[in-house]
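Asks: give me a model of this one.
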Amino acid sequence: MADTDIRQKSLDALVIMNTAIKNVRLYPPTSATIISTIERLYQAFLEMLARENPIVFAESEKSILICGNPLNQKDQEKIQVAALLNILLSFGLKSISFDKGLEKAELSTFTEILSRKPDVIKSEGGLPQILAKNKITHIYLDQKVYVTIDKDQKIISSLDINDEQIAKFLINNNPELSADPQKFQKMAKDPEWLSQAFQAGLKQLMTQKGTLSDIQLTESLGNMIGLLDKVAGSMVQEDKQNISNRIGEIIVTADPDMALELTTQNMEHLFGGVLQQYLISKLEEIKSAGVQKTGEGGTSDGQGEAGTGQTGRGQGDGSIGINGDGTAQSGADSQKKIDFKTKLIRVSEKMSLNLKENEKTLLDKPLMSILPKIIEQLIAHKEQETMEKITSNLVDNLFSENAEVRAHAAKALTDIIDSLSPERKTEMIENLSGRLIEWIKIETSVTPAYKTICNYLQNIAQNFINQLRYTETTPLLDIFNDVNSGALEKNDAIHEVSAQLIRNLATEENITLLFKEFNTNEHDKKDQAGKILSMFGDITLKRMLDTLQENVDGNERVRIMHLIIGTGQRAIPFVRERIHKDAPWYYLRNMAYILGQIGNEESAGALQPLLRHENERLRHEALKSISKTGGNRRGQLLLAALHGADEKFKLSIIEALGNAKAADSVLDLLKILITRPFVTTAARTLMEEKICVALGAIGSPEAIPDLSEISESKSFFRVSSYPKNVKTAAARALESIRKKKTEAIPKLNI
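Replies: Residues are numbered from 1 along each chain as shown. Next comes the predicted model:
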């Protein structure tokens, strides 16, 4: 399978996986939504595994690799990739591998496991133990991942480098080595010879000035450096540093301007960053020497081509001065250019260092104050990769443990974004949205920058709604909906920001647009539109409840119910309002089901009248929901309905009391059991047996005297003796109660 094919199919699978994880938290495993999502995910993996085995998602330096291949920057910032990265980091994983033979049940269980919180997973023994316990044998964690480089694959960004190119480059100036492979291999390990080969190659490259553009020259130079970096990969550190310094000296001596251009490229990985640092150091020396000479009244004749602009650089570029005074520097001298470039390089280099050093950079107020102008200049000079590197590092710092660092990173990021044109602003926010959402999840403070970033995300969500891009809207709103509904606990200030964002998007225009799609499915986006509507709160809840009552299609009603359930407990008061005697039985049954999923002890009381409804299916749904959510009120709620219920439903209520272990119902159940009619029916006998079973399940010692008498009863003690099966049930109940009573007595260590 081609790399691009496996990459795209894997990205598509991640979208489905994220949806599945989210759905598992909202819907029961047997719901049509869960079954459909898992099926789609399973088919996606089957298709990939048929061509590539295994499928491996790995994390390396906070980036995602797919089957050993790193994603490009744009893909790294996609919402589904950011979500996977967050999962790997949260669970402390380096990789997840999916192997041939993967079964749908394994994938379903694995998705359910990932939906749990990391601390819950840890308390259960960790992911490996849970996978083993669930017999998941085709999904592996933390298998070694090798980044394979074939002869056509890119080794450094935007440069195609392979072993054939290396040999061609090194032999180009020493053709005699082509006939002596052993000597060639020996010379390729000699730092001095490699430096000479580079110098010869650069000399040849410089003869093409005027023929090649500045960009082509810089790219060719970067290509040459990349070749030597690969050759030097197996050398000891001292030899690598010697080669790096020698290369740096050769470049600066040949053309300082080209050295400046080179340092703004993505070259931190070349020679471990040593080369970039060496070039910066040398360029600082040139700058200092130039300033000193100018101060003495001398001229800068020694600047040569770097100062005359003969190479085409430094003249007529229309760039704006770093101080931001708006003055065009058309024809600016080399010293000003070096001053600007040096600041640009310094920030870029600092932003590319490790997290601890980046934190120091963020707290450097003078340096950070010029960052927006630096980004402007990077854009003006089409240094897209360098700009993305800086913004990526800023976003990395949003996840610092230091709140001050996070605040500075957010402020710097908003300063940059606000300085961009509307088109670039929108593009950058969309690209960063996945990681910004992850930051919103963990941030604990509301700063002006926090509000600004939330406003960015609101605007992007609105754009997506306008463009019918509902699938991309949902992840943006999910996080704010979780905060607004209380599913994600946050302080009052953060909660208010999230609530306001939802209110701002829940306009009549948006609601009308979404309900139109939900009702007509005109664009085949019914489910996505419904999901967004479910996050909009009170107005949409009322309209969904209206639609539920009006719609007679069973599948459609199930779909709407799950949307309402997805809104959480804030739907409870609206559902309770709809429970009244004039409503159709099937609608009341839907209300009972919804409260059974999201209700609580208080809302269970609203279901009690439904236990007396004439429709049997409705009564049983209300019974299930009260049993599930009634808490300590279950006993009294069910007992109130027991008297007056038909014989069949009484059995269900009694069984529910036993399952609920409702101790407050024991005396009532005993009264029914011992107050017998003169003539007993089969239905009465079955009820007596059910009561004994329920009393045994409840386990209250209060029942022992009556149960003892029943299990040993003779006909002359009572109107008639209890049937044998009732006696047997009473005896079993007694045994169960006494066993529980014994187990409850503390054991004394003698």
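
Asks: in a helix, residue 57, correct?
Replies: No - counting by DSSP: H, G, I helix; E, B strand; the rest coil, residue 57 is not part of a helix but strand.

Asks: domain-wise, how is the chain divided?
Replies: 3-141, 161-289, 661-750 (automatic domain parsing).

Asks: residue 460: which of the ones you listed is closest?
Replies: Residue 460 lies closest to domain 3-141 among the domains of the chain, at 11.1 Å (CB to CB). C-beta here means a position set from N, CA and C on the backbone, and glycine is covered the same way.

Asks: what's the neighbour count on residue 535?
Replies: The local packing of residue 535 (other CB atoms under 10 Å) involves 22 other residues.

Asks: the longest helix in this structure is where?
Replies: helix 3-26 (DSSP state H).

Asks: average pLDDT across that helix?
Replies: For helix 3-26, mean pLDDT rounds to 78.

Asks: over to stretch 124-138?
Replies: 82.

Asks: and that stretch, what's buried?
Replies: 127, 130, 131, 136, 138 (16 or more other CB atoms under 10 Å).

Asks: strands - which of those residues land there?
Replies: Using DSSP state E to define strands, no part of the buried residues of stretch 124-138 is located there.

Asks: output the residues you listed as JSON lines; include the columns distance to residue 493.
Replies: Formatted as JSON lines, the buried residues of stretch 124-138 follow (distance: CB to CB, whole Å):
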{"residue": "127", "distance to residue 493": "34"}
{"residue": "130", "distance to residue 493": "36"}
{"residue": "131", "distance to residue 493": "39"}
{"residue": "136", "distance to residue 493": "41"}
{"residue": "138", "distance to residue 493": "46"}
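
Asks: out of the residues you listed, flag the one nearest to residue 739.
Replies: Distances from residue 739 to the buried residues of stretch 124-138, taken by CB to CB, are shortest for residue 130, at 32.6 Å.

Asks: didn't that closest one look like it was pressed against residue 114?
Replies: No - counting by CB atoms under 8 Å, residue 130 sits too far from residue 114 to count as a contact (10.4 Å).

Asks: okay, now the residue lying closest to residue 572 once chain neighbours are set aside: neighbour count?
Replies: Nearest residue to residue 572, sequence neighbours excluded (CB to CB, 6 or more residues apart in numbering): residue 603, at 5.1 Å. Applying other CB under 10 Å, we find 22 residues neighbouring residue 603.

Asks: next one: the one 10 residues further on
Replies: When counting by other CB under 10 Å, one arrives at 17 neighbours for residue 613.

Asks: ditto for residue 209
Replies: Quick note: residue 209 (other CB under 10 Å) scores 15 neighbours.

Asks: then residue 547?
Replies: Neighbour tally, residue 547, other CB under 10 Å: 18.

Asks: and it, helix, strand or coil?
Replies: Going by three-state DSSP: residue 547 is helix.

Asks: quick one: it and residue 528, what's the gap?
Replies: 17 Å (CB to CB, to the nearest Å).

Asks: who's in contact with the residue nearest the centre of the chain?
Replies: Taking CA atoms, centre = their mean, the centroid of the chain lies closest to residue 83, which sits 2.0 Å from it. Residues near residue 83 by CB atoms under 8 Å, 6 or more residues apart in numbering: 14, 18, 434, 438, 475.

Asks: quick check: the gap between residue 658 and residue 701.
Replies: 16 Å.

Asks: who has more neighbours out of those two?
Replies: Comparing residue 658 with residue 701 by other CB under 10 Å, the one with more neighbours is residue 658, at 22 against 12.

Asks: and that one, what are its phi and psi?
Replies: Backbone geometry at residue 658, expressed as degrees, to the nearest 10, gives phi -70, psi -50.

Asks: residue 203 - nearest residue in space that isn't next to it in sequence?
Replies: Residue 203 sits nearest to residue 254 (CB to CB, 6+ apart), 7.8 Å away.

Asks: again with residue 576
Replies: Nearest non-adjacent residue to residue 576 (CB to CB, 6+ apart): residue 606, at 4.6 Å.

Asks: hmm, residue 710 is touching residue 689, no?
Replies: No - under the criterion of CB under 8 Å, residue 710 lies out of contact with residue 689, with a separation of 10.8 Å.

Asks: which one of those two has more residues nearby?
Replies: residue 710 (25 against 21).

Asks: please name every helix or strand in contact with whatever helix or strand the more buried one lives in.
Replies: Assigned by DSSP states H and E, residue 710 belongs to helix 704-711. Packing partners of helix 704-711 (3 or more CB pairs under 8 Å, 6 or more residues apart in numbering; DSSP states H and E): helix 666-674, helix 682-698, helix 724-744.

Asks: low-scoring stretches of the stretch 601-750 of the chain, by residue?
Replies: Along the stretch 601-750 of the chain, the model assigns pLDDT under 70 to residues 713-720, 746-750.

Asks: how about a cut-off of 50?
Replies: 716-719, 750 (pLDDT under 50).

Asks: cool, and the chain?
Replies: Counting by pLDDT under 50, the ranges of the chain that qualify are 1-2, 144-162, 294, 296-332, 354-356, 716-719, 750.

Asks: contacting residues around the nearest residue to residue 456 once chain neighbours are set aside?
Replies: Closest residue to residue 456 apart from its sequence neighbours, by CB to CB, 6+ apart: residue 429 at 4.8 Å. Taking CB under 8 Å, 6+ apart, we find residue 429 in contact with 417, 436, 456, 457, 459, 460.

Asks: of these - the most surrounded one?
Replies: That'd be residue 436 among those, by other CB under 10 Å, with 26 neighbours.

Asks: how close does it get to residue 445?
Replies: Distance from residue 436 to residue 445, by CB to CB: 15 Å.

Asks: cool, and residue 681?
Replies: Residue 681 is 70 Å from residue 445, by CB to CB.

Asks: looking at the two, which one has more neighbours?
Replies: Legend: neighbour count by other CB under 10 Å for residue 681 and residue 445, higher for residue 445 (13 against 10).

Asks: strands along the protein, start to end?
Replies: Under DSSP E, the chain gives strands at 55-60, 63-66, 69-70, 95-98, 139-141.

Asks: so which of those is nearest residue 375?
Replies: strand 63-66 (21.9 Å).

Asks: hmm, back to that, overlap in contacts of residue 710 and residue 689?
Replies: residue 726.

Asks: just give me the neighbour total for the closest residue to residue 525 other than its chain neighbours.
Replies: Nearest residue to residue 525 in three dimensions, chain neighbours excluded: residue 470, at 5.1 Å (CB to CB, 6+ apart). For residue 470, the count of nearby residues is 20 (other CB under 10 Å).

Asks: this completes my enquiry, with thanks.
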